[in-house]
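Participant: Sequence first, predicted model second:
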Amino acid sequence: MLDAAFILAGLAVAAGLLFAGVARAPRKPRPDADRIDALLPQTQCGRCGYSACRPYAEAIVRGEADINQCPPGGDRGVRALAELLGRKPKPLNPKHGTAPGQPTVAWIDEAACIGCTRCIQVCPVDAILGAAKQMHTVIRTECTGCELCIEPCPVNCIHMRAAPEDACAQPPLNQNPLLATWRYGSQSRGRHARKADLARERYQHRTDRLAREHLERQQRQKRKKVMPRRDLDSIDKKTVIQAALTQARRRQAAMASKRKAAITTRSE
Ligand code: SF4
Ligand code: SF4
Ligand code: SF4
C-alpha cells in the first residue's frame with residue numbers, strides 16, 4: 001500500500017517537472033504569411049518553386065517550403081526569415097539558383113521588337129507597355145528584374161541591364177539596404193522596402209485583373225452556351241426575311257387597291 005503511494009507521488013512529481021519544463025521552453029513564433037511575405041524581395045520571379053513571393057510565404061506557413069529557397073533574397077533573406085520564425089539559418093539552397101550580384105532591369109531593343117505582346121503577358125508586375133504589332137518598352141522603375149520576359153521573346157530583343165540607382169525593387173545585396181535593416185513592424189524601412197511594397201501592390205493588382213478577366217470570359221462563354229451564335233444568326237435572318245415579305249405584301253395590296261380605285265373612277 002505504502003509502495004503504491006510512493007509510486008503515485010513519484011509520478012506526480014515527474015509529471016509536474018515535465019509540465020514545468022514544457023511551460024519554460026521558449027515558444028516558437030507562429031508563422032504568418034503576411035510577416036514572411038514582408039521579408040521577401042517581391043521580385044516575383046518564381047525561382048523559389050512557387051509562382052510568386054506570396055505563394056512561397058504561404059507554403060512556408062504550411063510547412064511545405066523551406067526558408068532557403070529565394071535566390072534574390074540571398075543568405076541575408078534566409079537569416080531574416082530564420083530570425084522571424086525562430087529557426088536556425090541555413091545556406092541558400094543551390095537547387096533554386098544563386099543570389100544575383102547586382103540588381104538588374106529589363107531593356108527592350110525597340111528597333112527589333114515585332115510587337116507580339118508575349119512579354120506583356122508574362123510580366124508579373126505589368127512593367128511592360130505596348131500593343132499588338134507595336135513597339136514595346138519596359139517601365140524601368142516598375143521592373144523587378146525577374147527575367148520572366150526574356151525566354152518568351154521570339155526575336156531575343158529583351159536584355160537585362162544593370163539597374164539605375166532608383167529603378168529596381170531588388171535589394172543590392174552587397175549594400176544590404178533592405179533585409180538587414182528592415183523587419184516587419186520596424187520603423188527602419190528603406191527605399192528598397194518601399195519599392196518592394198510597390199512591386200507587391202502591382203503583382204496583386206495584376207492577379208486581381210487576371211481573375212476578373214477570367215470570370216468575365218467564363219460568363220461570356222456561359223451566355224453563348226445559352227444562346228449559341230449560330231441560332232442567333234438564324235433567328236435574325238428568319239425575322240428579317242419575314243418582315244421583308246410582310247412589307248412587300250402590304251405594298252402590293254396597297255398598289256392593287258389604288259389601281260382598283262383608279263379604274264372605278266375612270267369608268268364613272
Ligand atoms: S523573389 Fe522570387 S524566389 Fe524569392 S520568394 Fe519571390 S518569387 Fe520566390
Ligand atoms: S519587364 Fe521586368 S518585371 Fe517584367 S517580366 Fe521583364 S524583367 Fe520581369
Ligand atoms: S516578346 Fe519581344 S518581340 Fe514580342 S513584344 Fe515583347 S519585346 Fe517585342
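Facilitator: Now that the structure is in, tell me what you want to look at. Only a predicted model underlies this, so the values are computations on that prediction, with no experimental measurement involved. Residues are numbered from 1 along each chain as shown. Ligands and ions are numbered 1, 2, ... in the order given.

Participant: Going along the chain, name the helices of the stretch 1-150 of the chain.
Facilitator: Remark: helices assigned in the stretch 1-150 of the chain by DSSP state H, counting those that start in this stretch are 2-24, 33-37, 53-62, 74-85, 118-122.

Participant: Least confident of the ones you listed, on average?
Facilitator: For the helices of the stretch 1-150 of the chain, mean pLDDT drops lowest on helix 2-24, to a mean of 50.

Participant: Would you tell me which residues of this protein are close to ligand 1?
Facilitator: Contact residues (CB under 6 Å from any ligand atom) of the chain with ligand 1: 40-41, 43-48, 50, 52-53, 56, 70-73. In this view, the C-beta of every residue, glycine as well, is placed from N, C-alpha and C.

Participant: Give me the pLDDT for the closest residue to C119 other than its chain neighbours.
Facilitator: Nearest-residue entry for C119: C149, 3.9 Å, with adjacent residues in sequence omitted and distances by CB to CB, 6 or more residues apart in numbering. At C149, the model reports a pLDDT of 98.

Participant: Quick check, C149 in contact with I158.
Facilitator: Yes - the pair C149 / I158 is scored as a contact, 5.3 Å apart, by CB atoms under 8 Å.

Participant: Please identify every residue contacting each of the two.
Facilitator: Common neighbours of C149 and I158 (criterion: CB atoms under 8 Å, 6 or more residues apart in numbering): 106, 119.

Participant: Enumerate the residues of the stretch 51-200 of the chain near ligand 2.
Facilitator: So far as CB under 6 Å from any ligand atom goes, the stretch 51-200 of the chain lies against ligand 2 at 106, 122-123, 125, 127-128, 138, 143-149.

Participant: Swap in 5 Å and give it another go.
Facilitator: Contact residues, the stretch 51-200 of the chain versus ligand 2 (CB under 5 Å from any ligand atom): 106, 123, 127, 138, 143-144, 146, 148-149.

Participant: and the residues you listed as JSON lines, adding neighbour count?
Facilitator: Converted to JSON lines, those look like this (neighbours: other CB atoms under 10 Å):
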{"residue": "A106", "neighbour count": "26"}
{"residue": "C123", "neighbour count": "22"}
{"residue": "A127", "neighbour count": "25"}
{"residue": "V138", "neighbour count": "22"}
{"residue": "C143", "neighbour count": "28"}
{"residue": "T144", "neighbour count": "32"}
{"residue": "C146", "neighbour count": "27"}
{"residue": "L148", "neighbour count": "18"}
{"residue": "C149", "neighbour count": "23"}
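
Participant: And stretch 100-108, end to end?
Facilitator: In stretch 100-108, first residue to last residue: 21 Å (CA to CA, to the nearest Å).

Participant: Now that stretch: average pLDDT?
Facilitator: pLDDT averaged over stretch 100-108 gives 92.

Participant: buried ones in that stretch?
Facilitator: Buried residues in stretch 100-108, counted by 16 or more other CB atoms under 10 Å: 100, 103-106, 108.

Participant: centre of the chain versus that stretch, how much separation?
Facilitator: Distance of stretch 100-108 from the chain centroid (CA atoms, centre = their mean, to the nearest Å) equals 20 Å.

Participant: next one: stretch 194-211
Facilitator: Distance, stretch centre to chain centre, for stretch 194-211: 7 Å (CA atoms, centre = their mean).

Participant: now swap in stretch 73-89 and tell me
Facilitator: 24 Å.
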